[in-house]
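Asks: Here is a sequence together with a model predicted from it:
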Amino acid sequence: FVPFTVLADGLKLESGYYIIDSTDDFLKINDMSANYKITADIELPENFTPIGTVENPFKGKIIGRLKNTSEKPTLTVNLRGKDYVGLIGYMENGTINSLIIKGNIISLNPACTGAVAGFVRNGKIKDCINYANIISSYDLEGISYTGGIIGYAEAPEVLVINNCENYANITVSNETNGAV
């Protein structure tokens with residue numbers, strides 16, 4: 001038995017991680033510096049807003065592990081967005097570990113678009129697999145940074161991308177750079 005605390009928003013805190021075991025729990029992620037453990041497969045709604053913004057980047061940790069197994073959870077994301085598009089929109093010094101992403105991720109204007117993260121400034125992404133189709137489609141002049149795992153990565157200090165796999169179709173309707 002691992003002791004846990006149930007917080008006011010309904011999330012359980014266990015060994016320093018907020019436990020995410022439903023879509024409702026996932027949508028409660030609002031502390032950009034906290035640690036989260038995803039313990040179930042999750043299907044996110046189409047109006048899902050990516051985690052982290054330029055003003056409030058994700059700096060915490062998200063790890064995946066299905067209950068009582070060593071398997072990675074699957075997050076189904078069907079997302080249409082602008083600017084920083086992905087499960088994590090904008091991450092700075094954060095960590096994402098052991099997730100599977102599937103679905104469709106669509107960027108509607110020049111943006112940073114990737115399944116795990118649209119934009120990463122320093123940080124770690126490990127053991128993630130992407131099956132989500134990535135579509136960057138817009139009519140404006142500009143450059144799109146589009147990739148299967150990360151759309152744009154900046155590493156003035158440390159950036160680790162380790163043991164990640166991309167099996168997605170990536171479609172870009174304009175000029176692109178920076179794909180990871």
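Replies: Received it, and whenever you're ready, just let me know what you need.
Asks: And the residue nearest the centre of the chain?
Replies: Compute the mean C-alpha point of the chain, and by C-alpha atoms, centre = their mean the closest residue is Leu87, 2.9 Å away.
Asks: need the contact list for that one.
Replies: Residues in contact with Leu87, defined by C-beta atoms under 8 Å, 6 or more residues apart in numbering, are Pro50, Ile51, Leu75, Val77, Ile96, Leu99, Ile101, Ala115, Val116, Ala117. The C-beta positions use only the backbone N, C-alpha and C, and glycine is treated the same way.
Asks: Now the phi/psi pair for it, please.
Replies: phi -50, psi -50 (degrees, to the nearest 10).
Asks: hang on, the earlier thing: quick one: the contacts of Leu87 as a markdown table, columns for distance to Ile38 too.
Replies: Converted to a markdown table, the contacts of Leu87 look like this (distance: C-beta to C-beta, whole Å):
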| residue | distance to Ile38 |
| --- | --- |
| Pro50 | 15 |
| Ile51 | 12 |
| Leu75 | 7 |
| Val77 | 13 |
| Ile96 | 10 |
| Leu99 | 7 |
| Ile101 | 11 |
| Ala115 | 15 |
| Val116 | 13 |
| Ala117 | 15 |
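Asks: so which of those comes closest to Thr171?
Replies: For the contacts of Leu87, the closest approach to Thr171 (C-beta to C-beta) belongs to Ala115, at 13.4 Å.
Asks: Which member of the contacts of Leu87 is positioned nearest Lys61?
Replies: Ile96 (7.7 Å).
Asks: what is that closest one paired to in the beta sheet?
Replies: Ile62, Ile125 (DSSP bridges).
Asks: Now do it, the pLDDT please.
Replies: Note on Ile96: pLDDT of 96.
Asks: what's the longest strand in the protein?
Replies: strand 150-162 (DSSP state E).
Asks: Give me the distance from that one to the chain's centre.
Replies: 14 Å (C-alpha atoms, centre = their mean, to the nearest Å).
Asks: cool, and stretch 117-125?
Replies: 9 Å.
Asks: Same check on stretch 46-54?
Replies: The chain centre lies 9 Å from the centre of stretch 46-54; the measure is C-alpha atoms, centre = their mean.
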